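Visitor: Return a 3D structure for these sequence lines:
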Amino acid sequence: MARSSSGLVAGLTAAALTAVCFLAYQASASAPDDLSKPRSPSALPSAENPQQQQRKDPLALPVNSGSGLRVVYALSERRVWLVTAGNKVSTTFAVMPSPVNPPPGAYAVTSRSGQVDGSDGTAIEHVVRFANVNDVPIGFSAAVSGAMTPPDPSKKTGGVRMKRADGDAMWRFATIGTKIIVVP
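Guide: Numbers count the residues shown, from 1 in each chain. Model prediction:
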């Protein structure tokens with residue numbers, strides 16, 4: 001009987017070694033080829049990357065939007081902030097961008113008009129111009145009718161439209177020479 005129990009132990013040991021070798025082979029076959037190479041950690045996990053993270057407060061002033069008295073226009077957010085000399089937001093409001101947009105950067109108010117007809121034929125008021133892109137003047141304005149309808153994309157217009165009350169606030173705030181900061 002001693003012989004048969006030692007044969008049983010030898011058989012079980014061989015089976016266990018075979019199972020361990022098979023599992024080791026499977027693990028090595030499914031491991032990535034570059035497992036032995038050192039990896040450099042990414043600068044920030046994607047959840048902490050500020051460029052990929054949505055702002056916690058969509059009405060908050062965008063970072064890197066200058067300092068001092070200025071108008072901040074965020075193209076992707078379709079929003080304007082009027083910022084005092086003490087870096088406090090006086091007001092913020094939604095706008096309807098035009099088909100022609102200024103590239104991000106710093107500008108200044110170059111001209112103003114109380115009431116005119118826009119390049120699309122709409123009667124507008126409180127026009128505050130600050131840029132020129134391919135001979136298209138870019139500026140903030142409010143339609144006298146109060147409408148903020150999307151512009152005709154086939155027309156090369158540069159009017160960034162806002163509600164009349166917001167146009168009044170812009171008119172009082174953005175005088176000639178006031179900084180305009182355009183962010184993406």
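Visitor: Quick one: the helices in the chain, in order.
Guide: Secondary structure of the chain (DSSP state H): helices located at 2-30, 164-173.
Visitor: Mind listing residues that contact the shortest one?
Guide: Around helix 164-173, the neighbours that count as contacts under C-beta atoms under 8 Å, 6 or more residues apart in numbering are 71, 80, 82, 90-91, 93, 95, 112, 125-126, 128, 140-144, 146, 162. No exception for glycine: its C-beta is placed from N, CA and C like everyone else's.
Visitor: For it, list every residue counted as buried.
Guide: Residues Arg164, Asp166, Gly167, Ala169, Met170, Trp171, Phe173 are the ones in helix 164-173 that count as buried (16 or more other C-beta atoms under 10 Å).
Visitor: Stretch 66-74: how far from the chain's middle?
Guide: 16 Å (C-alpha atoms, centre = their mean, to the nearest Å).
Visitor: Averaged pLDDT, the top strand by length along the chain. What do you get?
Guide: Scanning the chain for the strand with the most residues, using DSSP state E, yields strand 123-133. What strand 123-133 shows for mean pLDDT is 96.
Visitor: on contacts alone, who are the packing partners of that strand?
Guide: strand 105-108, strand 111-117, strand 136-143, strand 159-162, helix 164-173, strand 179-183 (3 or more C-beta pairs under 8 Å, 6 or more residues apart in numbering; DSSP states H and E).
Visitor: can you list those in a markdown table and add mean pLDDT and distance to Pro153?
Guide: As requested, the helices and strands packed on strand 123-133 are exported to a markdown table (pLDDT from 0 to 100; distance: least, C-beta to C-beta, whole Å):
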| stretch | mean pLDDT | distance to Pro153 |
| --- | --- | --- |
| strand 105-108 | 98 | 23 |
| strand 111-117 | 94 | 20 |
| strand 136-143 | 95 | 13 |
| strand 159-162 | 94 | 13 |
| helix 164-173 | 97 | 22 |
| strand 179-183 | 97 | 20 |
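Visitor: possible to save these as JSON lines with distance to Lys56?
Guide: Shown next, in JSON lines, are the helices and strands packed on strand 123-133 (distance: least, C-beta to C-beta, whole Å):
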{"stretch": "strand 105-108", "distance to Lys56": "26"}
{"stretch": "strand 111-117", "distance to Lys56": "35"}
{"stretch": "strand 136-143", "distance to Lys56": "27"}
{"stretch": "strand 159-162", "distance to Lys56": "25"}
{"stretch": "helix 164-173", "distance to Lys56": "24"}
{"stretch": "strand 179-183", "distance to Lys56": "17"}
